[in-house]
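Enquirer: Here is my input, please return the structure:
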Amino acid sequence: MRTNPSFALDQVDEVRRLIRENPWVSLVSHTDAGELVASHYPVILDPEAADGEIVLLSHVGRPDEQLHELGAHELLMIVQGPHGYISPGWYDARPAVPTWNFVTAHLHGTPEILSDAENLRVLAALVDHFEDRLPEPRRMNGTVENAEYAARIVAGTVGFRLRVTRFTAKNKMSQNKPAETVQRILAELDGDGPYASPSLAAQMRRAHASSPDQGAPEQGAPEQRESGQRKSDQAASGRQAAE
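Expert: Below you'll find the predicted structure:
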């Protein structure tokens, strides 16, 4: 993923928050045969990870562990947070093109295969993590019968721990736009139009709250702003829509 200092997300705590709030991830492997393999699974953060570490727990259904050659080489895990279309009609009257706001993280590491016993514990923790929000959680080991059933089907899964050795994350939330434009974008995302997205609006507010120097009102006389805008437009030509 191409990096941009204006949108870089390099705080481990923020990446961990992104994972907690968006646990459905994409797993991508480049196999020894030169093939790209992709799968999609839920993950949870390892509660035993040290501060400053990102460690994930999950599983795959057989035979995905063979397709990915799980544990034999590095894995790319993609975490996708809120995202959405941003219309140039939400800016001002000056020429502009649409863009897409998003937050995402690319995590790299070599999976550690879990034993059947540890895999069973991770599966139970995964179920608990999502069931905890329900008024009457259905635990994997909630009854003897259910626990016995889970113990039988664990053989169809392969658990793994991914200790992230490096990551690239991007939080593109219109930080390069003046405050007035940001407010118009937020109004549209909070509204009831076809591209409304309260979750994206919340992420934008979080990004701008942590970057007080970005999204500031435009400075200078109108002719100075226009000249500066022309230079900015030239520098951004062919790039804005893709970022």
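Enquirer: CA only for contacts and neighbour counts going forward, please
Expert: Noted.
Enquirer: which residues of the protein fall in helices?
Expert: 12-21, 64-67, 116-131, 144-153, 179-190, 198-209, 222-236 (DSSP state H).
Enquirer: in the fifth one, what counts as buried?
Expert: This points to helix 179-190. 179, 181-183, 185-186, 188-190 (16 or more other Cα atoms under 10 Å).
Enquirer: Can you show me the CA trace of stretch 69-79 as CSV?
Expert: Coordinates of each C-alpha in stretch 69-79 appear next as CSV, following Å, rounded to 0.1, in the frame of the first residue of the first chain:
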residue,chain,number,x,y,z
GLU,A,69,0.7,-23.1,3.3
LEU,A,70,0.0,-21.7,6.7
GLY,A,71,3.0,-21.3,8.9
ALA,A,72,5.5,-21.8,6.1
HIS,A,73,5.9,-18.2,5.1
GLU,A,74,4.7,-14.7,5.8
LEU,A,75,1.0,-13.9,5.6
LEU,A,76,-0.6,-10.5,4.8
MET,A,77,-3.7,-9.7,6.8
ILE,A,78,-5.9,-6.8,5.6
VAL,A,79,-8.1,-5.0,8.1
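Enquirer: That stretch: how far from the chain's middle?
Expert: Relative to the centre of its chain, stretch 69-79 is centred 16 Å away, using Cα atoms, centre = their mean, to the nearest Å.
Enquirer: hmm, who's touching it?
Expert: If you take Cα atoms under 8 Å, 6 or more residues apart in numbering as the criterion, stretch 69-79 is touched by 18-19, 22-31, 104-113.
Enquirer: Would you mind giving me the PyMOL syntax to select the buried ones in those residues?
Expert: Here is the PyMOL selection string for the buried members of the contacts of stretch 69-79, based on 16+ other Cα under 10 Å:
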select buried, resi 18+19+22+23+24+25+26+27+28+29+30+31+104+105+106+107+108+109+110+111+113
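Enquirer: Sitting in strands, which of the contacts of stretch 69-79 do you find?
Expert: When DSSP state E is applied, these are split such that 24-30, 104-109, 112-113 fall in strands.
Enquirer: and these, which two are the farthest apart?
Expert: Pairwise distances across the ones in strands among the contacts of stretch 69-79 peak at 25.6 Å for T104 and I113 (criterion: Cα to Cα).
Enquirer: list the contacts for the closest residue in space to I54 that isn't next to it in sequence?
Expert: Nearest residue to I54 in three dimensions, chain neighbours excluded: V164, at 5.6 Å (Cα to Cα, 6 or more residues apart in numbering). Neighbour list for V164: 53-56, 107-110 [criterion: Cα under 8 Å, 6+ apart].
Enquirer: can you rerun that using 10 Å?
Expert: Neighbouring residues of V164 by Cα atoms under 10 Å, 6 or more residues apart in numbering: 53-56, 74-77, 106-111.
Enquirer: so which of the helices of the chain comes closest to P95?
Expert: helix 222-236 (9.0 Å).
Enquirer: Quick check: which ranges of this protein have low pLDDT?
Expert: 212-243 (pLDDT under 70).
Enquirer: in stretch 44-59, what counts as buried?
Expert: Of the residues in stretch 44-59, those buried (16+ other Cα under 10 Å) are 44-46, 54-59.
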